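Student: Here is the input, now give the coordinates:
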Amino acid sequence: MVYKFILTFICACCCGTMVYGQQVKTNNPLDIPLGDPYILFDKPSDQYYLYGTGGTENGFVVYSSKDLSSWTKQGVIYSSKQATAWGTKDFWAPEVYAYNGKYYLFYSAHWKDNPTNELENYRIGVAVSDKPTGPFNDMTGNPLFDPGYPIIDANVYFAEDGKRYLYYSRCCYKHPVQSEIAKWAKDKGMYNEIEESWVYGVELAADFSGVIGEPKLLLRPPVKKDDQQAEWESRSVTSGEVNRRWTEGSYLFKHNDLYYMMYSANHFAGENYAVGYATAKDPLGPFTKSAFNPILQKNTDKGGVVSGTGHNSVLITKNGERLCVYHGRTTKTGDQRLVFIDPLTITKDGQLQVKGPTVRSGIGGKSRK
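Tutor: Modelled structure (predicted):
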């Protein structure tokens with residue numbers, strides 16, 4: 001009996017992810033051409049719903065699954081053609097939350113109210129539906145709020161005390177920042193200035209109609225070159241790829257008494273896109289970045305086939321397993337961003353670890369990290 005149990009356990013671990021005795025086979029990368037993926041587990045329908053950037057012009061689509069392996073496209077859930085739409089293009093990073101019998105879609109788009117013709121006039125909107133498959137309609141016909149600068153990548157946290165918090169990224173656009181990395185790049189004759197994106201947090205109104213108080217800066221790229229985060233967060237600059245450093249795609253969750261904020265750095269369209277995390281005792285910080293960053297990055301420099309790993313979300317399955325959902329590319333599938341799902345674990349000392357990137361046989365040989 002003991003031998004049989006051990007053999008069954010080993011076989012299951014080799015083929016997929018064990019979830020309290022059940023196997024979740026994620027089959028990376030999923031044959032789903034989306035970026036910025038987010039998965040909702042919907043209790044009423046006992047199904048998973050996958051949302052992301054792409055799949056339709058100026059809107060969003062959704063896929064459904066019972067097992068996180070086999071997915072069915074359910075069609076378009078949101079379109080800018082609706083009468084209350086405020087966005088015109090670049091519909092990005094959707095996240096859907098079930099609350100009080102309704103489903104709320106938070107997303108980024110280019111705002112039509114653009115008197116100065118800004119190239120990046122992004123804001124965050126909220127749409128609502130009776131079903132996770134939509135259709136979703138904008139609540140007000142306007143962005144959630146206007147901080148006076150372009151913002152993307154909304155993430156919402158529902159706190160235990162009933163408060164709600166919105167996290168977002170200020171775009172790099174027209175946001176040059178002085179730093180030792182910026183000086184290094186200028187001295188090298190690479191770039192005259194380095195633009196940066198920063199992550200902010202703010203309390204969200206209970207009815208999602210707006211924000212409460214002023215946004216608070218939570219995360220930004222390092223100022224000093226000797227900061228241990230500077231090397232990996234500056235790769236898009238130091239490689240000569242682009243004159244920008246990103247801190248975006250944030251996702252907040254709580255474990256024990258600690259708040260974990262996962263985030264992505266480097267160019268979303270480049271090979272160096274990677275994920276790190278920071279921790280805090282309060283939903284609005286201050287946050288301290290982990291000494292173990294990055295915890296998810298390309299493996300092409302180590303004989304693997306995956307690059308551009310980033311903009312993750314976290315899924316707690318119906319069986320209680322914590323999974324990291326993110327997009328990436330492979331040398332076989334090309335530049336198209338595809339969805340990956342890998343286990344996310346927390347060690348006894350509180351360290352986050354993503355067991356990936358992994359790929360199925362036929363993409364890059366046997367599954368490897």
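Student: okay, CA-based contacts and neighbour counts for the rest of this
Tutor: OK.
Student: What segments of the stretch 101-250 of the chain are helices?
Tutor: Assigned by DSSP state H, counting those that start in this stretch, the helices in the stretch 101-250 of the chain fall at 180-187, 230-233, 235-238.
Student: List the buried residues for the longest one?
Tutor: Okay, so that is helix 180-187. Using 16 or more other CA atoms under 10 Å as the test for burial, helix 180-187 gives 181-182, 185.
Student: will you turn these into JSON lines that also has pLDDT?
Tutor: Listed next are the buried residues of helix 180-187 as JSON lines, based on pLDDT from 0 to 100:
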{"residue": "181", "pLDDT": "98"}
{"residue": "182", "pLDDT": "98"}
{"residue": "185", "pLDDT": "98"}
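Student: So which of the helices of the stretch 101-250 of the chain is nearest residue 274?
Tutor: helix 230-233 (8.2 Å; CA to CA).
Student: one step back: go through the helices of the stretch 101-250 of the chain and name the closest to residue 158.
Tutor: helix 230-233 (28.6 Å).
Student: That closest one - what's its average pLDDT?
Tutor: In this model, helix 230-233 has a mean pLDDT of 98.
Student: Adding distance to residue 294, write the helices of the stretch 101-250 of the chain out as CSV.
Tutor: Formatted as CSV, these follow (distance: least, CA to CA, whole Å):
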stretch, distance to residue 294
helix 180-187, 18
helix 230-233, 7
helix 235-238, 12
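Student: To residue 355, which of the ones you listed lies closest?
Tutor: That would be, of the helices of the stretch 101-250 of the chain and by CA to CA, helix 230-233, which comes in at 19.0 Å.
Student: Residues touching that closest one, excluding its own?
Tutor: When contacts are defined by CA atoms under 8 Å, 6 or more residues apart in numbering, helix 230-233 is touched by residues 221-225, 245-246, 265-266, 294.
Student: now stretch 114-123
Tutor: Stretch 114-123 has contacts (CA under 8 Å, 6+ apart) with 108-111, 143-146, 149-152, 173.
Student: if you look at the residues you listed, which of them are in strands?
Tutor: Counting by DSSP state E, the contacts of stretch 114-123 place 108-110, 151-152 in strands.
Student: could those residues go into a markdown table alongside pLDDT and distance to residue 50?
Tutor: Below are the ones in strands among the contacts of stretch 114-123 laid out as a markdown table (pLDDT from 0 to 100; distance: CA to CA, whole Å):
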| residue | pLDDT | distance to residue 50 |
| --- | --- | --- |
| 108 | 98 | 17 |
| 109 | 98 | 19 |
| 110 | 98 | 23 |
| 151 | 98 | 23 |
| 152 | 98 | 19 |
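Student: Tabulate those residues (a markdown table), appending neighbour count and distance to residue 233.
Tutor: Below are the ones in strands among the contacts of stretch 114-123 laid out as a markdown table (neighbours: other CA atoms under 10 Å; distance: CA to CA, whole Å):
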| residue | neighbour count | distance to residue 233 |
| --- | --- | --- |
| 108 | 26 | 23 |
| 109 | 27 | 25 |
| 110 | 24 | 26 |
| 151 | 27 | 20 |
| 152 | 26 | 19 |
